[in-house]
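**Q** take a look and give me a structure for this.
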Amino acid sequence: MAFDNLITSGMTSVEEIAPDILSLRTLFVNVVFIGNPGSRSWVLVDTGMSKFTNHIVDVATERFQGPPSAIILTHGHFDHVGTVIELEQFWGVPVYAHPLEIPYLTGLKNYPPADPSVGGGLMAQLSFTYPNEAINLDDRVFSLPQNHTVPGAKDWNWIHTPGHTPGHISLFREADRLLIAGDAIVSVKQESLWSVLLQDKQLHGPPAYFTTDWEAAHESVQSIRQLEPRMVVTGHGHVLSGEMLHESLRHLDMHFEEDTVPKQGKYVE
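**A** Modelled structure (predicted):
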């Protein structure tokens, strides 16, 4: 497989974000490969939708020399852990997540069900069909280090960005101020099927139908803004950078309550 800046094939696309950062879209959610081409040391961030195991393995085989050092999960929603069990078994590598996310990854606790009443489009209306059950990685998932380093990813730190889920994290590299945001912020209106299909690039808060703590979600946006990232790779949508990112983050923070928090919903106070 030859990689240009963007290669699209069916329901997947590959985008080179930086020399050592590759983003693979699985249907409508991104997984991120951290590591230089040809390296034996790399990590995978999130594992996307189910049924895409072979796509992820093919990209990894083409790009790297061997399996990853670890799989890092920003959170455990179905569209971010869809292939994690298969990949963990195939590669035999550890999986890491925030300790508050571990119960949802070891079969102990289900996420609250999605809320289709939040509005915003067909993706939200259909969210009652989205799985919210815990997966069970058993003793193959570990808590991220308390010192905020990222196993297998030198120069990266994890940031607790809750709201969308209790243990949601983002990853940040100070050297180039690159942020992997997961679903703390996204660059497409994920509630709208039309926006998802067009991959319309606009900064938004976390997908509303699965977000249960809007106060924490806003605080996470503020934490991200304080980092002053120069480039953001989000769990849904395309990369954002430069002045567009700076102004979009400012607007999202300043107008979060009026523009992002749903006007109704069972998780809205």
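
**Q** the stretch 101-250 of the chain: strands as residue ranges?
**A** For the stretch 101-250 of the chain, the strands defined by DSSP state E, counting those that start in this stretch cover 141-143, 149-150, 153-160, 169-173, 178-182, 231-234, 240-241.

**Q** which of those strands sits most buried?
**A** The highest mean neighbour count among those, using mean count of other CB atoms under 10 Å, belongs to strand 178-182: a mean of 28. Every C-beta, even on glycine, is put in place using the N, C-alpha and C of the backbone.

**Q** run me through the strand neighbours of that strand, direction for each.
**A** Here strand 178-182 has these sheet partners by DSSP bridges: strand 169-173 (antiparallel), strand 231-234 (parallel).

**Q** put the alpha carbons of the shortest one into CSV.
**A** These are the backbone C-alpha positions of strand 231-234, laid out as CSV (Å, rounded to 0.1, in the frame of the first residue of the first chain):
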residue,chain,number,x,y,z
MET,A,231,-2.7,20.7,15.7
VAL,A,232,-5.5,18.5,16.9
VAL,A,233,-6.3,15.0,15.7
THR,A,234,-9.9,14.2,16.9
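
**Q** that older thread, can I get the strands of the stretch 101-250 of the chain in TSV with distance to His255?
**A** What follows is these, written out as TSV (distance: least, CB to CB, whole Å):
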stretch	distance to His255
strand 141-143	35
strand 149-150	32
strand 153-160	22
strand 169-173	21
strand 178-182	18
strand 231-234	18
strand 240-241	17
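
**Q** could you point out which of these sits nearest Gly119?
**A** The closest of the strands of the stretch 101-250 of the chain to Gly119 is strand 231-234. By CB to CB, the value is 21.1 Å.

**Q** just how off-centre is the helix or strand containing Glu62 within its chain?
**A** Here Glu62, judged by DSSP states H and E, is contained in helix 53-63. From the chain centre to the centre of helix 53-63 is a distance of 18 Å (CA atoms, centre = their mean, to the nearest Å).

**Q** so what touches the helix or strand following that helix?
**A** Sequence-wise, the next helix or strand downstream of helix 53-63 (DSSP H and E) is strand 70-72. Strand 70-72 is contacted from outside by 43-47, 84, 87-88, 91, 93-97, 144, 150-153, 158, 171, using CB atoms under 8 Å, 6 or more residues apart in numbering.

**Q** just the ones of the residues you listed in helices?
**A** Judged by DSSP state H, helices contain the following of the contacts of strand 70-72: 84, 87-88, 91.

**Q** what sits against Leu126?
**A** Going by CB under 8 Å, 6+ apart, Leu126 touches Pro116.

**Q** find me the pLDDT at it, would you?
**A** Leu126 carries a pLDDT value of 93.

**Q** Glu15 now?
**A** At Glu15, pLDDT is 89.

**Q** for Pro37, see how far away it is.
**A** Distance of Glu15 to Pro37, computed by CB to CB, to the nearest Å: 14 Å.

**Q** which one of the two is surrounded by more residues?
**A** Glu15 (20 against 15; other CB atoms under 10 Å).

**Q** surely Glu258 is in a helix?
**A** Yes - Glu258: assigned to a helix according to DSSP: H, G, I helix; E, B strand; the rest coil.

**Q** can you tell me how far it is from Ala208?
**A** For Glu258, the distance to Ala208 - CB to CB - is 14 Å.

**Q** those two - which one has more neighbours?
**A** Comparing Glu258 with Ala208 by neighbour count (other CB under 10 Å), the higher total belongs to Ala208, at 29 against 8.

**Q** ok, now which ones touch that one?
**A** 115, 118-120, 124, 190-191, 260, 262, 265.

**Q** out of the residues you listed, who's the most crowded?
**A** Using other CB under 10 Å as the neighbour test, the contacts of Ala208 are led by Gln190, with 29 neighbours.

**Q** look up the closest residue to that residue, ignoring the ones flanking it.
**A** Nearest residue to Gln190, sequence neighbours excluded (CB to CB, 6 or more residues apart in numbering): Pro207, at 4.1 Å.

**Q** what's the pLDDT at that neighbour?
**A** Confidence at Pro207, expressed as pLDDT, is 96.

**Q** tally up the residues packed near it, please.
**A** Neighbours of Pro207 (other CB under 10 Å): 26.

**Q** so where's this structure shaky on pLDDT?
**A** Where the chain drops to pLDDT under 70, the residues are 1-11.
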